[in-house]
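Undergrad: Output the structure for:
(3 chains)
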Amino acid sequence: MSNSSIVALIDVNNFYVSCERIFQPSLNQHPVIVLSNNDGCAISRSQEAKDLGIKMGEPYFKFKNLVKKHNIKVLSSNYTLYADMSARVMKLLAKFSPNQEIYSIDECFLNLTSFKKRNDMISYANEIKKTIKLCLGLPVCVGIGPTKTLAKLANHMAKKHENFNGICDFNSMPKDLQNIWMEHIDVSEVWGIGRNLSLKLHKMNVNSVMDLKKSNFKRMREQFSVVMERTIEELNGYPALELEEYFTPRKQIISSKSFGKSMTCLSSLQEALSTYIKNAWKKLREQNSLLQTITVYIKTNRFSMNTKQHRQSIQMNLTSPTDDIIVINKIALFLLGKIYRTGYKYHKVGIMLSGLSQKNENDQYDFFITKNIKNSKINDVYEKINKKWTDKIQIASAAGIKKEWKMKSENKSKNYTTNWNELCKAFAN
DNA sequence: CTATAACTCTCAA
DNA sequence: CTAACGTTGAGAGTTATAG
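TA: Predicted structure coming up:
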């Protein structure tokens, strides 16, 4: 018992909506939602909006009448703002433990084992909560347990039940009380148990968290997978998942977006693809990687019942790794041409870079990759200019004037934290 | 046959 | 008026393929 670890999961409540509310306090008592790209689906909802019955991921057009009826504030997503706020949150949280795993844009794990002698984790969690509220104006919940999965579950409880006051600690909760909670929470709330798995579990009469916790993990492993086995171990307080503290380069990089409206002509698709290639390439350079495989795919709108469907992807393996945007661009556009068919209303195009490896100046093969020194210089210059004056120059094929494919984003807030001009504009009137 | 590549499915935020 | 439904990443398991 004494050597068991203490893991906390800190998660910002309704993150995107909460970010918007900082800069528009008038939204505070109001039902608010933030939409996904293209103003497609609800991806963040204030408590008031949840209470009105708007579901996570629900398409906008399906609840437009509710929006009108209750005067719900609808915002397009502003990822620049959220990313910046996220960085601030994580920086603050890092002060509370030397061991932090940033798990997603709005949540992180902290290992608090070394603070065990404080013996009052709840008050420590309260400090965390107060700090984030005071410094950034964001509400968070803290869940604590002996494993990551239990910390997640505790966080869920802290969010759902007001009497926890935003903090739930399994470690300090009597065993019989823990059991009661687990018997009353549906198994689908467990981290890693998604739609399909919970359906299967329910069929086997494994309904509550407790049912899963008590189940025979060996049999469950046979019927499901090693992931399920780990989940069960974690529910029982035996850590099966490590805290992943260190930066690891992505193993694949995807850039892909749905269009504002569907398109049939190849040149528009090429234009869009070139822009996505540039996004992917930027990420590739940021993590100092080289790629070996390029995948391009196109899709028609799968929800559109009356149009002919076409979905296809195509892949090419390069003979040697590269990070040359001119090469990537050339190949990707060539691949697009291969799979493109006339007469289809395309809705999405995307690129995936995979087979990534880290660039190493000393590697022999580096000599062969950069045999085109001119290209390599062009890449560097291109990168520098675009960093200095955000995206002022472009590869010709991306420089479309029409940008027909551009996303819909009808009600985006200003970049309050990263752009002085926008900040001034936002509060000018 | 095995080892690996390629592809599919699932989950998460 | 109509039609309108996100993106990115990871990992495990399965199937196809090369040698």
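
Undergrad: What confidence value was assigned to whatever residue of the stretch 101-250 of chain A ends up closest to DNA strand B?
TA: Nearest residue of the stretch 101-250 of chain A to DNA strand B (C-beta to the nearest atom of the strand) works out as residue A:194 at 2.5 Å. The way it works is simple: take the backbone N, C-alpha and C, and place the C-beta from them, glycine included. You'll see residue A:194 listed with a pLDDT of 88.

Undergrad: Can you report phi and psi for the residue lying closest to residue A:72 once chain neighbours are set aside?
TA: Spatial nearest neighbour of residue A:72, excluding adjacent residues (C-beta to C-beta, 6 or more residues apart in numbering): residue A:31 at 4.5 Å. Backbone torsions for residue A:31, taken as degrees, to the nearest 10, come to phi -70, psi 130.

Undergrad: And residue A:357, by the same measure?
TA: Main-chain dihedrals, residue A:357, degrees, to the nearest 10: phi -140, psi 160.

Undergrad: which ones are touching it?
TA: Shown in contact with residue A:357 (C-beta atoms under 8 Å, 6 or more residues apart in numbering): A:289-290, A:292, A:321.

Undergrad: residues in contact with the residue nearest to residue A:72?
TA: Residue A:31 neighbours (C-beta under 8 Å, 6+ apart): A:45-46, A:48-49, A:51-52, A:70-73.

Undergrad: give me that answer again for 6 Å
TA: With contact taken as C-beta atoms under 6 Å, 6 or more residues apart in numbering, residue A:31 is in contact with A:46, A:48-49, A:52, A:70, A:72.

Undergrad: likewise residue A:308?
TA: By C-beta under 6 Å, 6+ apart, residue A:308 lies in contact with nothing.

Undergrad: Pairing partners for the nearest residue to residue A:11 once chain neighbours are set aside in the sheet, please.
TA: Spatial nearest neighbour of residue A:11, excluding adjacent residues (C-beta to C-beta, 6+ apart): residue A:107 at 4.0 Å. With DSSP bridges applied, residue A:107 shows beta-bridge pairing to residue A:11, residue A:104.

Undergrad: what number of residues lie near residue A:107?
TA: Using other C-beta atoms under 10 Å, residue A:107 has 22 neighbouring residues.

Undergrad: Just give the number of residues close to residue A:257.
TA: Neighbours of residue A:257 under the rule other C-beta under 10 Å: 17.

Undergrad: Give the phi and psi angles for it, as a check.
TA: Backbone torsions for residue A:257, taken as degrees, to the nearest 10, come to phi -150, psi 150.

Undergrad: Kindly state the domain boundaries assigned to chain A.
TA: Residue ranges for the domains of chain A, per automatic domain parsing: A:7-13+A:82-235, A:15-78, A:253-398.

Undergrad: which parts of the stretch 201-350 of chain A sit against DNA strand C?
TA: Neighbours of DNA strand C within the stretch 201-350 of chain A, by C-beta under 7 Å from any atom of the strand: A:225-227, A:248, A:250-258, A:279, A:283, A:301, A:303-304, A:348, A:350.
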